[in-house]
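K.L.:
Provide a 3D model corresponding to the input given below.
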Amino acid sequence: MHRYCFTLVCFLLLASTQASAADGNSACTGITDSDARLACYDKKAGYQQEAIENPDEDILSVNLPATPAPVAIIPDGRATSYLERMWELTDADKNGIFRFRPYQPNYLMPWQRTSRPNLQPSSPTHLNTATEHLQSTEVRFQLSFKTKLWEEAMGSPVDLWFGYSQQSNWQLYNSTRSSPIRETDYAPELILTLPMDIKLLGMHWKMLNAGFMHQSNGRSGIYSRSWNRVYLQAGLERGNFLFTFRPWYRLPEASSKDDNPDIRQFMGSGDIEASWIGKEHALSALGRYSIQGRKGTLKLNWVFPIKGHLKGYAEYFNGYGHSLIDYNHRQQIIGLGFLISTWP
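P.N.:
Numbering: from 1, shown residues only. Next up, the predicted model:
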């Protein structure tokens, strides 16, 4: 019985479909124009004719797919800018808080030679009559990192970073003095980073930093050196070329506690750095000049490939402040070693 009912239902559905089709086709039968009648039948049958390209169509009127704007390819192959990655300036570059990454160059220089060792370091408040027994050749290394403490602080685009750099000069080859570490400078920082998007002098102004830095050598007595600074730092780039400008202001200290009251006369009130970062090589030039003391400093760096991921690191320095104990001591220095992390 159920089988007959099912057959009856199928028959009724089929008849209904055929009737509907017949009604639709009958609407096309009365059309006299053959092309229009064929189009009507095609429409009723659900057939869609492919668009035929018109050879006479103006190519300028064709809607072409949008072409993405060109992007700079940086050394690691990512299509983004160096400053955007370094300071996480865009949403795509954000990595969250408390993730450690390199800040200043991390390097080890087994060979560094100075033209003039500072045998009697002193300052106006820390006079020194003793003579150091130093060699001209020593080892130098730097460890530096930063981590983000607050991302998009208070709903703003500003990020808060903590940075730390430690730089040591080691008299490794001075066996007569038991190979002491001659000087270690410590520099913790707090940095506010604001993303920028301004075209300036043919470059792209990417970021503005506002920072506080404490720098000291952790020593006491006549060898103690320290100072505190606040600064602004603008970062611009064009392709693989980077430019930073950083003016600073030294926070005043009581004269009884000031280890180096004349430091601005030698270290100036800011620095300028220009860098070029290629796929295998990188070059950097940093300059400082003190208008008050009419003294300047120039530092040149070169990163070059050795083998695989191992890169060499070379430096030439001429001026004052190669280390904090030498802030008022002029010398020329050449160093050669290895880069430990990404530069600059």
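K.L.:
Let me know how buried the residue lying closest to Pro102 once chain neighbours are set aside is, in neighbour terms.
P.N.:
Leaving aside its sequence neighbours, Pro102 sits nearest to Ser341 (CB to CB, 6 or more residues apart in numbering; 4.1 Å). From N, CA and C alone the C-beta is placed, and that goes for glycine too. The number of residues packed near Ser341 is 15, by other CB atoms under 10 Å.
K.L.:
Surely Ser341 touches Pro105?
P.N.:
Yes. Between Ser341 and Pro105 there is a contact under CB atoms under 8 Å: 7.2 Å.
K.L.:
Can you list the residue ranges for strands in the stretch 151-300 of the chain?
P.N.:
159-170, 181-200, 203-216, 226-238, 241-250, 270-277, 282-290, 295-307 (DSSP state E, counting those that start in this stretch).
K.L.:
got any ranges where the protein has weak pLDDT?
P.N.:
For the chain, the stretches with pLDDT under 70 are 1-79, 342-344.
K.L.:
So which residue is smack in the middle of it?
P.N.:
The chain has Met86 as the residue nearest its centroid, 2.2 Å off, counting by CA atoms, centre = their mean.
K.L.:
In a helix, that residue, correct?
P.N.:
Yes. Per DSSP: H, G, I helix; E, B strand; the rest coil, Met86 lies within a helix segment.
K.L.:
Roughly how far does it sit from Asn118?
P.N.:
Relative to Asn118, Met86 is positioned 33 Å away (CB to CB, to the nearest Å).
K.L.:
Doesn't Gln104 lie inside a helix?
P.N.:
No. Using three-state DSSP, the assignment for Gln104 is coil, not a helix.
K.L.:
Can you get me a residue count around it?
P.N.:
19.
K.L.:
hang on, it packs against Gln142?
P.N.:
Yes. With contact defined as CB under 8 Å, Gln104 and Gln142 form a contacting pair (6.5 Å).
K.L.:
Now the common contact residues for the two.
P.N.:
Common contacts of Gln104 and Gln142 (CB atoms under 8 Å, 6 or more residues apart in numbering): Ser165.
K.L.:
which other residues reach stretch 283-291?
P.N.:
264-276, 295-303, 319, 321, 343-344.
K.L.:
now swap in stretch 302-313 and tell me
P.N.:
105, 107, 109, 280-284, 301, 314-315, 335-339, 343.
K.L.:
Are any of those residues buried, and if so which?
P.N.:
The neighbour count (16 or more other CB atoms under 10 Å) marks 105, 107, 109, 282-284, 301, 314-315, 335, 337-339, 343 as buried among the contacts of stretch 302-313.
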